[in-house]
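> pasting the sequence and the predicted coordinates here, then a few questions.
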Amino acid sequence: MNILFIGDIVGAAGRNIVFQYLKQLKKDYDIDFVIANGENSAHGKGISYKIYERFKSEGIDCITMGNHSFSKREVIAHLDKMNDMVVPYNYPEDLHEGYKVFYVKGLRLCVINLLGSALMHPNRQDPFEAMEEILNKVEADLFFVDFHAEATSEKRLMAEYFKDRLVALVGTHTHVQTADERLLGNLAFISDVGMCGVYDSIIGRDVSEMIEALIKHEKTRYKIAEGAAILSACVIKIDETLKKATAIERIQIRPY
């Protein structure tokens, strides 16, 4: 089984580069299932129902989220129709399950979304405790985790602790692809898959606006960057008989 995971999709530029390359990536890597992080897909914060529908129509099987899950409050009204979106299990608002089980090549694949605790908002359940809860109550053959967290150390610790019970743990949130992909026990791991968004930006945000806001301390409005985009993703290969990961490969497509 080959799973394609697409890193944080940021704004229109991120969406467009995914749509441009997705079919070819699925063909080149013989992909059976596609997961994408969509928590920044609507102008850099959150997702809309319209964007969700477009992701599904383009061939994305599951959309994971993060700390901006409900930045677009319209999503709450459409949650019952966004059946293949997974909001972090330990997100403060109790509007979601935090995981979903899909049937892929005859196996039950459970996709889990969790928020980290280090350097992030503290009012949420501990992610290690949350993971134990899920593993103890969900019946599945394979467990795949999008760990939306800030600290690489917390992501690596999570991978080490659960390496014999999961097939994959991929990091999202920092928008910068790391070069630490590896196999740990049964699990494929990478600290951060990276982003799909404008290449010349501050993790997807307009450079000039960030300078004005954070260096000059001027009042600004959040501005997404414009320009050519980078695509960041990874492919994880799973042995269906042994139910373990056997390979992980980073993908990065730069505009220049």
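Looks like it came in fine.

> hey, let's count contacts and neighbours off CA atoms from now on
Will do.

> next secondary structure element downstream of the helix or strand harbouring Glu53?
In this assignment (DSSP states H and E), Glu53 forms part of helix 49-58. Heading C-terminal from helix 49-58, the first helix or strand you meet, by DSSP H and E, is strand 62-64.

> spit out the contact partners of the closest residue to Val111 other than its chain neighbours.
Leaving aside its sequence neighbours, Val111 sits nearest to Phe144 (CA to CA, 6 or more residues apart in numbering; 4.9 Å). Phe144 is in contact with Leu109, Cys110, Val111, Ile112, Leu166, Val167, Ala168, Leu169, counting by CA atoms under 8 Å, 6 or more residues apart in numbering.

> now do the helices in the stretch 151-256 of the chain.
In the stretch 151-256 of the chain, the helices defined using DSSP state H, counting those that start in this stretch lie at 152-161, 207-210.

> and the first one, what does it pack onto?
Yep, that's helix 152-161 we're talking about. Contact here means 3 or more CA pairs under 8 Å, 6 or more residues apart in numbering; DSSP states H and E; on that basis helix 152-161 packs against no helix or strand.

> can you list the buried residues in it?
By 16 or more other CA atoms under 10 Å, the buried positions in helix 152-161 come out as Thr152, Glu154, Lys155, Arg156, Met158, Ala159.

> and those as TSV, adding pLDDT and distance to Val193?
TSV is the format used below for these (pLDDT from 0 to 100; distance: CA to CA, whole Å):
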residue	pLDDT	distance to Val193
Thr152	94	12
Glu154	95	15
Lys155	97	12
Arg156	97	13
Met158	96	16
Ala159	97	14
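
> let me know the closest of those to Glu53.
Proximity of the buried residues of helix 152-161 to Glu53 (CA to CA) peaks at Lys155, which lies at 30.1 Å.

> residue contacts, that closest one?
Gly116, Phe147, Ala149, Gly171, Ser191 are the contacts of Lys155 under CA under 8 Å, 6+ apart.
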